[in-house]
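**Student:** A structural model of the following input is requested.
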Amino acid sequence: MIENRLKECREELEMTQTELGYVFGVQKATISNWENVYEMMPLKKLVKFSNLYGFSLDFILGLTRENKKYSDKIKLDKKVVGEKLKVLRKSLKLSQQVIADECGISRATYCHYEIGMNLITTLTLYSICKNHKISIDEFLR
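**Tutor:** Next up is the predicted model:
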């Protein structure tokens, strides 16, 4: 279960769901779905939120209780993220199948993330980082 702090962060910024929706080009209902974890905020939008407002990804997603401040912004590149996934998986001495099974996805889907064909989803990255006690912020920097 993800302990999503998106609502807490938005309220700290004194923003409404409608205002935050405007920032991301989505409806208020979408923000509500993200805050209530009916849907996961896409990684690109989550990183944009983190970069714009200074909340760490680990804090937003409930992996830590403290909001660590970073001076540098995260730049998402699916090929770079894919290479980092491959390096991480090999350092953990795990197969693509094992990682895929842990995340509840197919090996082919995970493979597409590793080769940079697709950007990893927020939920999959969260699962990997939570299962292996890795900071999402540190992983993406």
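**Student:** buried set for the longest helix seen in the chain?
**Tutor:** Ranked by residue count under DSSP state H, the longest helix found in the chain is helix 78-91. Across helix 78-91, burial judged by 16 or more other CB atoms under 10 Å covers 78, 81-82, 84-86, 88-89. C-betas here are computed from N, CA, C, even on glycine.
**Student:** How about residues contacting it?
**Tutor:** By CB atoms under 8 Å, 6 or more residues apart in numbering, the residues outside helix 78-91 that reach it are 95-96, 99, 113-120, 128, 132, 134, 139-140.
**Student:** Mind doing that once more with 7 Å?
**Tutor:** In this structure, residues lying in contact with helix 78-91 by CB atoms under 7 Å, 6 or more residues apart in numbering are 96, 99, 113-116, 118-120, 139-140.
**Student:** Which single one of those residues is nearest to Gly25?
**Tutor:** Using CB to CB, Leu119 comes nearest to Gly25 of the contacts of helix 78-91, at 17.8 Å.
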